[in-house]
Structure formats: structure tokens, C-alpha cells
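Asks: show me how the following folds:
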Amino acid sequence: MTTEHTRLAAALRELRARAGLSLAALAERTPYSKSSWERYLNGKSLPPRQAVRELCGLANEPDGRLLALWEIAEAHWSGRALAPASAPPTDESPRDLAQEPPPPDGTRRRRLGRSRLLVVLAAAYTVVVGGVAALLFLLLPDSEAGEAEALPDSVPFSFAPLCHGAACEGQDPMRLICGVGPDTLASYRTATGAHVELRHSEKCGASWARTWATEIGDRVDVTAGGPTHDVRIANKDDAATFVYTEMTEARPGTTVRACFRPASADGERECFEARVGETTATTGPSSPR
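Replies: Residues are numbered from 1 along each chain as shown. Below is the predicted model:
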């Protein structure tokens with residue numbers, strides 16, 4: 001899976017978590033099955049463009065940013081981003097069979113034999129793996145199966161946060177599983193059109209900022225009265241998806257502050273803040289800077 005595909009899958013999982021949609025709910029409201037959504041959200045396969053639009057619509061999210069990210073991921077997935085303009089034909093490329101002499105009968109039979117053997121082995125592998133997966137699912141108690149479906153797909157092995165409070169200071173919220181079901185303390189839209197949110201995980205006792213619709217060179221920082229952690233939009237891939245700061249310890253009642261610094265030299269710094277435990281606030285460029 002390419003870096004671009006990884007970013008797309010992470011953004012889709014984040015969007016699904018924000019919308020509070022289970023795999024069953026996605027299957028009911030879209031033309032795609034639960035198993036298809038599981039593959040799309042875990043990065044096992046590239047979702048169709050329409051699936052990305054469907055999820056954006058269900059989450060009331062403008063689809064421009066995610067579709068741009070999908071275009072990048074699809075170009076790398078298909079090889080269009082890497083292939084030269086006039087690539088030479090490969091063994092799998094269509095050929096003019098009339099111009100190519102047929103192989104000897106013995107060679108043809110050996111090729112057919114190998115192809116049939118590969119097909120048989122692939123079919124047997126699919127049956128065995130599918131049977132084992134189905135057996136494991138059936139052996140799960142109903143309560144555990146329901147919980148497994150309700151949990152986000154972004155963390156494959158453990159859903160328990162891996163840090164709390166001071167131990168989360170300066171750590172990645174996604175890597176330490178604090179980004180599963182966080183609260184949004186405040187949302188802010190900058191004068192340049194970028195979005196910034198203050199996020200908080202009660203289980204981790206920590207907050208961070210995330211941003212999107214940004215430009216290369218933009219910077220966001222966050223603090224809760226202690227160390228300041230920032231993130232810079234380094235390239236077009238960062239600008240096309242969610243980007244997060246590291247975490248800062250934030251207990252109930254703590255004031256968390258985020259500041260946005262645009263890439264342009266004449267742009268002004270824009271800051272906003274929120275208190276852990278208070279109602280979510282949405283602000284815009286008219287807020288104090």
C-alpha cells in the first residue's frame with residue numbers, strides 16, 4: 001500500500017468516526033457492502049471515487065479535499081504516477097498475436113498446465129482462508145462480535161489508549177490510539193480558508209490540534225499551559241489531508257490554545273482556545289488574533 005493510499009484510508013476512517021457510522025450503517029446507506037467498506041477503511045483495497053463521495057455526503061463533509069487525495073492515491077495505485085509516457089509493452093500488455101509466431105505445442109501445453117495449476121492453488125487458498133475466517137467469526141460470542149463491528153477500523157490489534165496525561169506529552173495521538181472517538185473542543189476557520197480543530201481524548205487526558213484545507217508552509221501549534229507542539233504543512237500530500245500536532249496533557253477545566261500561522265509572509269497569526277469539558281465552539285477569522 002502506498003503512502004498516498006495510507007493517507008486516504010486514514011482520512012476515511014477519521015471521517016467515518018466523526019459521523020458515528022458503523023459498517024452496517026454504511027452498507028445500508030450506500031451501494032457498497034460491509035465487507036467492501038472494511039477493505040476501503042483498512043486500506044486493503046482502493047475505494048471507488050463514488051464511495052468517497054458517499055461517505056463525505058453522509059458525514060456532511062465537502063468532498064473536494066478527499067477527492068483530491070483519492071486522485072493522488074489512485075494515480076499511484078494504478079501506476080499512472082510512475083509510468084513513463086510511452087512505456088514499452090510488458091508480458092501482460094495486449095499484443096498483436098498475428099505478428100508473433102505461435103509457440104511449439106509442447107511449450108503451449110506447459111504454459112497452460114502452469115496457469116491451471118496456479119488457478120487451482122489460488123482457489124484452494126481462498127477457500128481455506130475464507131473458511132478459517134468464517135469459523136473464527138462464528139466462534140465469537142454475539143456480544144464480542146457486536147463490539148468488534150462498532151469499533152473503528154483504524155487500529156487493527158488494540159483499541160486501548162497507550163498513554164495517559166503526562167505520558168502523552170509530545171506523542172502522536174494516532175499512534176498511541178488516543179484518536180479513537182475524541183471530542184472536538186472547538187473549530188476554527190482561518191482567513192485563508194484552512195480549518196483548525198482542537199481535539200481532546202478523555203481516556204488519554206490529552207489534547208491536540210488538527211488542520212486541513214491548508215497550503216504548503218502553513219503551521220499550527222497547540223499548548224495547554226505547558227510545552228507547545230506544532231506541525232508544518234510540508235508538501236502537497238499534507239495539504240490534501242488531515243495533519244495533526246503532537247499531544248499535550250489537558251485535564252478537565254484546562255484551557256487549550258491553538259494558533260495558525262499562514263505560509264504567506266504578510267499573513268497574520270490567528271489563535272483560538274477552548275476549555276476541556278465545555279461545549280464545542282465554532283469560530284472564524286473575526287475572533288481575536
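
Asks: can you give me the strands for this protein?
Replies: Along the chain, counting by DSSP state E, strands occupy 183-189, 195-201, 206-212, 219-223, 229-232, 243-244, 248-249, 255-261, 270-275, 281-283.

Asks: mind giving me the packing neighbours of the fifth one?
Replies: The criterion is 3 or more CB pairs under 8 Å, 6 or more residues apart in numbering; DSSP states H and E, and the helices and strands that strand 229-232 contacts are strand 206-212, strand 219-223. For the C-beta atoms, the positions are set from N, CA and C on the backbone; glycine is no exception.

Asks: A167 is nearest to which of these?
Replies: Among those, the nearest to A167 by CB to CB is strand 206-212 (8.8 Å).

Asks: so which elements touch that closest one?
Replies: In terms of contacts (3+ CB pairs under 8 Å, 6+ apart), strand 206-212 is packed against strand 195-201, strand 219-223, strand 229-232, strand 243-244, strand 248-249, strand 255-261.

Asks: do that again at 7 Å, thanks
Replies: With contacts defined as 3 or more CB pairs under 7 Å, 6 or more residues apart in numbering; DSSP states H and E, the packing partners of strand 206-212 are strand 195-201, strand 219-223, strand 243-244, strand 248-249.

Asks: turn those strands into JSON lines, including distance to W77, mean pLDDT and mean neighbour count.
Replies: Shown next, in JSON lines, are the helices and strands packed on strand 206-212 (distance: least, CB to CB, whole Å; pLDDT from 0 to 100; neighbours: other CB atoms under 10 Å):
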{"stretch": "strand 195-201", "distance to W77": "27", "mean pLDDT": "94", "mean neighbour count": "24"}
{"stretch": "strand 219-223", "distance to W77": "29", "mean pLDDT": "96", "mean neighbour count": "22"}
{"stretch": "strand 243-244", "distance to W77": "22", "mean pLDDT": "88", "mean neighbour count": "20"}
{"stretch": "strand 248-249", "distance to W77": "36", "mean pLDDT": "96", "mean neighbour count": "24"}
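
Asks: CSV for those, including distance to G181?
Replies: Shown next, in CSV, are the helices and strands packed on strand 206-212 (distance: least, CB to CB, whole Å):
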stretch, distance to G181
strand 195-201, 8
strand 219-223, 19
strand 243-244, 15
strand 248-249, 19
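
Asks: what's the closest of the ones you listed to Y40?
Replies: Closest among the helices and strands packed on strand 206-212, using CB to CB: strand 243-244, at 21.5 Å.

Asks: of all the strands of the chain, which one is nearest E54?
Replies: Closest to E54 of the strands of the chain, according to CB to CB: strand 206-212, at 19.3 Å.

Asks: minimum distance to E268: which of the helices and strands packed on strand 229-232 has it?
Replies: Of all the helices and strands packed on strand 229-232, strand 219-223 sits nearest to E268, with 13.0 Å by CB to CB.

Asks: contact partners of that closest one?
Replies: Applying CB atoms under 7 Å, 6 or more residues apart in numbering, the contact partners of strand 219-223 are 196, 207-209, 211, 228-232, 245, 248, 256-261.

Asks: quick one: strands adjacent to that strand?
Replies: Using DSSP bridges, the strands paired with strand 219-223 are strand 229-232 (antiparallel), strand 255-261 (antiparallel).

Asks: now render those as JSON lines, adding distance to E215, mean neighbour count and mean pLDDT.
Replies: Shown next, in JSON lines, are the strands paired with strand 219-223 (distance: least, CB to CB, whole Å; neighbours: other CB atoms under 10 Å; pLDDT from 0 to 100):
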{"stretch": "strand 229-232", "distance to E215": "11", "mean neighbour count": "18", "mean pLDDT": "94"}
{"stretch": "strand 255-261", "distance to E215": "11", "mean neighbour count": "21", "mean pLDDT": "96"}
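
Asks: output those strands in TSV; the columns should cover distance to A73.
Replies: Converted to TSV, those look like this (distance: least, CB to CB, whole Å):
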stretch	distance to A73
strand 229-232	21
strand 255-261	27
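
Asks: where in this structure is pLDDT low?
Replies: Along the chain, the model assigns pLDDT under 70 to residues 1, 79-159, 279-289.

Asks: would you list every one of the helices in it?
Replies: In the chain, the segments counted as helices under DSSP state H are 3-19, 23-29, 34-42, 49-58, 64-78, 105-139, 142-150, 236-239.

Asks: sorry, back to before: so which of the strands paired with strand 219-223 is nearest P62?
Replies: So among the strands paired with strand 219-223, strand 255-261 is nearest, using CB to CB, at 19.0 Å.

Asks: then the closest one to CSV, C-alphas only?
Replies: Only the C-alpha atoms of strand 255-261 are listed here, as CSV (Å, rounded to 0.1, in the frame of the first residue of the first chain):
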residue,chain,number,x,y,z
THR,A,255,-7.6,25.8,28.7
VAL,A,256,-6.2,24.6,25.4
ARG,A,257,-5.0,27.1,22.8
ALA,A,258,-4.2,26.6,19.1
CYS,A,259,-2.6,29.1,16.7
PHE,A,260,-2.5,29.1,12.9
ARG,A,261,0.4,30.7,11.1
